[in-house]
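**Student:** The following block contains a protein sequence and its predicted model.
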Amino acid sequence: MRMGKSRVLVVGGTGYMGRRIVKASLAEGHPTYVLRRPEIGLDMDKLQTLLELKQQGAVLIEGSFSDHRSLVEAVKQVDVVVCTMSGVHFRSHNLLLQLKLVDAIKEAGNIKRFLPSEFGIDPAQMEHALEPGRVTFDEKMSVRKAIEEANIPHTYISANCFAGYFVGNLSQMGTLLPPKHTLHIYGHGNAKAVFMDEDDIATYTVKSLDDPRTHNKTVYLRPPENILSQTDLVHMWENLSGNTLEKITISDQDFLALIQGADFVGQVGLGHFYHIFYEGCLTNFEIGEDGEEASRLYPQVQYKRMDEYLKRYL
């Protein structure tokens, strides 16, 4: 029997979360592999990222989603597969690729844990989601269905709000930087969300890979000090910056009207904002027997609090 750390293959290793998970996997001592797809073509940024990850200790494995056999062979070299492919712009394409990966894992037959590309809102909690944004949750559930029908051991990661997209801008749409004078407050501003430093997401994800407690479960990243409302976040920034902002409230009816007036991509994004900041979809349910909370499982992880995270914007 093979002993030691699991061999981990990251699919989508050049992406926003992928490169962080590669680094976290290496830091945790896992032999770490990254799928190198010939489809990168002349994308110099992706190539440079791959080479940098190789210099840090990752092993590049060639494989293509247009070549099923190459995917199977890549999967056979590892114990765990983590998919981090982004589906922001072409979600149906992401669904197709993940289903191809599931087929390869099923045929290889050796994988002891698969983590599909989720990392956000738990799709199992979003059956009521607004159209057309619901499609993103339905497609993730389609991947889960394929995984479970194939009896592939798995862990789902619900990481909630990425700090880079939700914290520095105080959850304002259309910018990644803190507002200087005015900001919008969604409803009463009191719905509790969960904000996570992306490096911490990677750390918790890698911690879960070999953990029998996370086998066939959803791991929710809900560290208690990062469960905050939008108002909490704004007050943090005002205390740090010494700048009091003018606050403009957007009622739920006005926000729903914004959704109706947006294009398809805008409707998807605004719909997710609505569920987070008006309904509190990240925290309005209890974690059941099929889930675990990451900071309870791994209390040794010193996760970044959002007041500390905000200091980079001063």
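**Tutor:** Arrived safely.

**Student:** C-alpha from now on. contacts and neighbour counts both.
**Tutor:** Noted.

**Student:** residue ranges of the strands in the stretch 201-314 of the chain, please?
**Tutor:** 217-220, 227-229, 246-250, 291-293 (DSSP state E, counting those that start in this stretch).

**Student:** Out of the ones you listed, which one sits most buried?
**Tutor:** Greatest average neighbour count among the strands of the stretch 201-314 of the chain goes to strand 217-220 (a mean of 23), per mean count of other C-alpha atoms under 10 Å.

**Student:** What helices and strands are in contact with that strand?
**Tutor:** Other elements packing on strand 217-220 under the criterion 3 or more C-alpha pairs under 8 Å, 6 or more residues apart in numbering; DSSP states H and E are strand 155-158, strand 291-293.

**Student:** Secondary structure class of the residue nearest to the spatial centre of the chain, three-state.
**Tutor:** With distances taken as C-alpha atoms, centre = their mean, residue 119 lies nearest the centre of the chain, 2.4 Å away. Residue 119 falls in the coil class when you classify it by DSSP: H, G, I helix; E, B strand; the rest coil.

**Student:** One more: residue 194?
**Tutor:** Residue 194 ends up strand, using three-state DSSP.

**Student:** from memory residue 203 sits against residue 26, does it?
**Tutor:** No. With contact defined as C-alpha atoms under 8 Å, residue 203 and residue 26 do not form a contacting pair (10.5 Å).

**Student:** measure the residue nearest to the centre of the chain to residue 34 for me?
**Tutor:** From residue 119 over to residue 34 the distance is 19 Å, taken as C-alpha to C-alpha, to the nearest Å.

**Student:** Check residue 46 too.
**Tutor:** 12 Å.

**Student:** which parts of the worst-scoring helix or strand of the chain on mean pLDDT are buried?
**Tutor:** Least confident helix or strand of the chain, by mean pLDDT, DSSP states H and E, is helix 91-108 with a mean of 90. Residues of helix 91-108 classed as buried by neighbour count (16 or more other C-alpha atoms under 10 Å): 94-95, 97-108.

**Student:** contact partners of it?
**Tutor:** Outside helix 91-108, the residues that touch it by C-alpha atoms under 8 Å, 6 or more residues apart in numbering are 65, 68-69, 71-73, 75-76, 83, 85-87, 111, 116-117, 136, 139-140, 143, 146-147, 150, 152.

**Student:** Could you look up the next helix or strand downstream of it?
**Tutor:** strand 113-115 (DSSP states H and E).

**Student:** buried ones in the one helix or strand residue 21 maps to?
**Tutor:** Secondary structure from DSSP H and E places residue 21 in helix 18-27. In terms of neighbour count (16+ other C-alpha under 10 Å), helix 18-27 has its buried residues at 18-26.

**Student:** re earlier: so which of the contacts of helix 91-108 sit within strands?
**Tutor:** residue 83 (DSSP state E).

**Student:** Filter the contacts of helix 91-108 down to the buried ones.
**Tutor:** Using 16+ other C-alpha under 10 Å, the buried ones in the contacts of helix 91-108 are 65, 68, 71-73, 75-76, 83, 85-86, 111, 116-117, 136, 139-140, 143, 146-147, 152.
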